[in-house]
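In: pasted the sequence and its predicted model underneath.
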Amino acid sequence: MAVQQKTATKRKKVLKAVMKGNLYITSTFNNTLVTVTDEQGNTLAWSSSGHSGFSGSRKSTPYAATMAIEKVVEQAKERGMRELKVFIKGPGAGRDSALRVLKNSQFHISLIADVTPIAHNGTKPRKKKHNR
């Protein structure tokens, strides 16, 4: 008796073409995170220095940030993206190298904004000492 096996057919994901999007770069002292979203904020692609294969102190280098940005730029091009708004956050080393990579890509960059949060009310004062 022959046993019949069912073969599952996988459907290919159809990537929807998105012309405009946002690129968010979060550059910390230890890592660089990059996310591409559409105009509604739905994530289309993401990468980080750690995701690109770097670990330890090499994650915080400008070269690691460059590799993470290049990976995301390729994924965005596959989706047909042409125009980007860039939002940069954080004090890390990947900020400048990220902009250099974007300048050399074929994207039309309509906005570059620094959205690093800055505290403007100072720190909480110390608790008062009481004498016994």
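Out: Okay, I see it. Residues are numbered from 1 along each chain as shown.
In: I'd like the next helix or strand past the helix-or-strand element of the chain with minimal mean pLDDT.
Out: One helix or strand of the chain scores below all others by mean pLDDT, DSSP states H and E: helix 94-104, with a mean of 87. Sequence-wise, the next helix or strand downstream of helix 94-104 (DSSP states H and E) is strand 108-114.
In: give me the mean pLDDT for that following strand.
Out: Mean pLDDT, strand 108-114: 91.
In: so how far is it from its chain's centroid?
Out: Relative to the mean C-alpha coordinate of its chain, strand 108-114 is positioned 15 Å out (CA atoms, centre = their mean, to the nearest Å).
In: same check, this time on stretch 45-52
Out: 7 Å.
In: mind checking the end-to-end distance for that stretch?
Out: Counting by CA to CA, to the nearest Å, the length from the leading to the trailing residue of stretch 45-52 is 13 Å.
In: picking that back up, on contacts alone, who are the packing partners of the least confident helix or strand of the chain?
Out: strand 20-27, strand 32-37, helix 62-78, strand 83-89, strand 108-114 (3 or more CB pairs under 8 Å, 6 or more residues apart in numbering; DSSP states H and E). Just so you know, the C-beta spots here come from the backbone N, C-alpha and C atoms, and that holds for glycine as well.
In: let me see the mean pLDDT of the next helix or strand after the shortest one.
Out: Per DSSP H and E, strand 32-37 leads on to strand 43-48 as the next helix or strand towards the C-terminus. The average pLDDT for strand 43-48 rounds to 90.
In: pull the residues that contact strand 43-48.
Out: For strand 43-48, contacts defined as CB atoms under 8 Å, 6 or more residues apart in numbering pick out 18, 21, 31-38, 68-69, 71-72, 75-76, 79, 81.
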